[in-house]
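[1] Sequence and computational prediction follow.
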Amino acid sequence: MIYNDLGDSGVRTSAIGFGAMRWPSEEAAAAILERGMDLGMNYVDTSTGYCGGQSEPWTARAVRDRRADIYFSDKSNWAAAPDAGAVRRSIDKSLETTGLDDLDFYQLWGLQEMDVLTAALKKGGFVEGVRKARDEGLIRHGLGFTFHGTPEVFRAAVDSGEFVCATVSYNLMNRKEEENIAYAAARGVGVIIMNPLAGGVLGMAGSDALSFLRAGELGPAAGALRFLLAHPGVTTALVGFTDVSEVNAAVAALDGAADLDEAFRRSLIERMDAVKLPEGDFCTGCGYCKDCPNGFNPTRFMQAMRDFALYGVAEGRLDHWLRSKYPHADIARELAKCTECGRCAEKCPQHLDIVAEIRRAKAALGVTD
């Protein structure tokens, strides 16, 4: 395992960590965490809303007997905890839910706006609440933030000196946080990567156009992870594992990764930017079909099916793909809402056979009427 300094926090975290948003079951979570910890992975990121509210307890029960082997990160957003008292109640609730004595890191979830950052930093705000919890031993290593905003907000958060780490969305397909990563790393703030596989796209891509991602006999996830491992500003990449085999493959991608350099990264960027994916009649996301009388969302579903085709994922992995696209929902239950009335297809300007795609997905997931 490769370990990196998490900024100036004094903590060293594994180059690959656990994103606890996609656990398919408690049993799977336990097996994945056990295998990953055996291989040296030592950072897990969870939250109250993941896996229908089950991620916190599932993750905690899986690591409780090996608590010293793992850094446990939790979070809440500012809207749910706008002041010191509210964030303390959120922390206490997470400790109650997990049954843990303490958390290693606590994140300000989903920072986007300067107004939110200003409110979080003010006297009696979110940050003060976390700081007090740390003083009392409930948060061991400090405060971080997860990010979806502008560079100005990101840099203001880093410059505040209150945060030991920042979690950003970054992968070979979406590199807009490149400058923010460098900015944080230069100022002693650790950088955690979410969506390292572009929501699973780079982990299951089978298109010949993306074959350059395959590192030897390893799958495309290996190349996508090695791209991140070669970045000197990246501390840890969080992978949303759903099976132990994925843990083994991710750790195998580390072989020789310590020697990867900027030239390697640049070569992958050039090849990614040159990719021409297949063309055809695909969902454009116009939303004309969205008003389903039974509460199903055909637009979201057809966009998932579009990407399944574009990236050349094997047909036998359609069930896995769809679950990865619905991390906070039961996709089988969602599909069951569809009565196949055909109203969505009638409204589609691309004349796509939406009902046929829904039937295909139902068959893959074993959904019966």
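    Now that the structure is in, tell me what you want to look at.
[2] what kind of secondary structure is the nearest residue to Ile91 once chain neighbours are set aside in?
    Nearest residue to Ile91, sequence neighbours excluded (C-beta to C-beta, 6 or more residues apart in numbering): Ala133, at 5.2 Å. No exception for glycine: its C-beta is placed from N, CA and C like everyone else's. Here Ala133 is recorded as helix under DSSP: H, G, I helix; E, B strand; the rest coil.
[3] how deep is Ala133 tucked in, by neighbour count?
    22 (other C-beta atoms under 10 Å).
[4] wait, doesn't it sit right on Ser90?
    No. Using C-beta atoms under 8 Å as the test, Ala133 is too far from Ser90 to be in contact (9.8 Å).
[5] so what secondary structure elements neighbour the lowest-mean-pLDDT helix or strand in the chain?
    Ranked by mean pLDDT, DSSP states H and E, the weakest helix or strand in the chain is helix 201-204, scoring a mean of 83. Other helices and strands packing on helix 201-204, by 3 or more C-beta pairs under 8 Å, 6 or more residues apart in numbering; DSSP states H and E, are helix 220-229, helix 318-325.
[6] average model confidence for the longest one?
    Which is helix 220-229. Across helix 220-229, pLDDT averages out at 92.
[7] After it, which helix or strand is next?
    Sequence order places strand 236-239 as the next helix or strand after helix 220-229, per DSSP states H and E.
[8] Would you mind listing the buried residues in the helix or strand just after that following strand?
    Next in sequence after strand 236-239, counting helices and strands by DSSP H and E, comes helix 244-252. Judged by neighbour count using 16 or more other C-beta atoms under 10 Å, the buried positions of helix 244-252 are 246-247, 249-252.
[9] Could you measure from Leu100 over to Thr59?
    Relative to Thr59, Leu100 is positioned 10 Å away (C-beta to C-beta, to the nearest Å).
[10] Please enumerate the shared neighbours of those two.
    Phe72 (C-beta atoms under 8 Å, 6 or more residues apart in numbering).
[11] Neighbour count: those two, which is higher?
    Applying other C-beta under 10 Å to Leu100 and Thr59 shows that Thr59 carries more neighbours, namely 29 against 19.
[12] Pretty sure that one sits against Glu34.
    No. Contact criterion C-beta under 8 Å: Thr59 and Glu34 do not qualify, at 11.8 Å.
[13] contacts for stretch 355-365?
    Applying C-beta under 8 Å, 6+ apart, the external contacts of stretch 355-365 come out as 298, 301-302, 305, 318-319, 322, 331-332, 335-336, 338, 340, 342, 344-345, 367-368.
[14] Now for Gly174: which residues touch it?
    Let me fix one detail, which is that residue 174 is Asn and not Gly. 195, 198.
[15] SS state for it?
    Asn174 - assigned by three-state DSSP - is coil.
[16] residues near the spatially closest residue to Val201 that is not a sequence neighbour, how many?
    The shortest distance from Val201 to any non-neighbouring residue, by C-beta to C-beta, 6+ apart, is to Tyr311 (5.4 Å). Residues lying near Tyr311 (other C-beta under 10 Å) number 23.
[17] All the strands of the chain, residue numbers only.
    Ranges of strands in the chain, per DSSP state E, are 3-5, 12-14, 16-19, 43-45, 71-77, 103-111, 139-147, 165-169, 190-194, 236-239.
[18] Looking at these, spot the one closest to Gly223.
    Among the strands of the chain, strand 236-239 comes nearest to Gly223, with 12.9 Å by C-beta to C-beta.
[19] helices and strands around the closest one, which ones?
    Secondary-structure packing of strand 236-239 (3+ C-beta pairs under 8 Å, 6+ apart): strand 16-19, strand 43-45, strand 190-194, helix 220-229.
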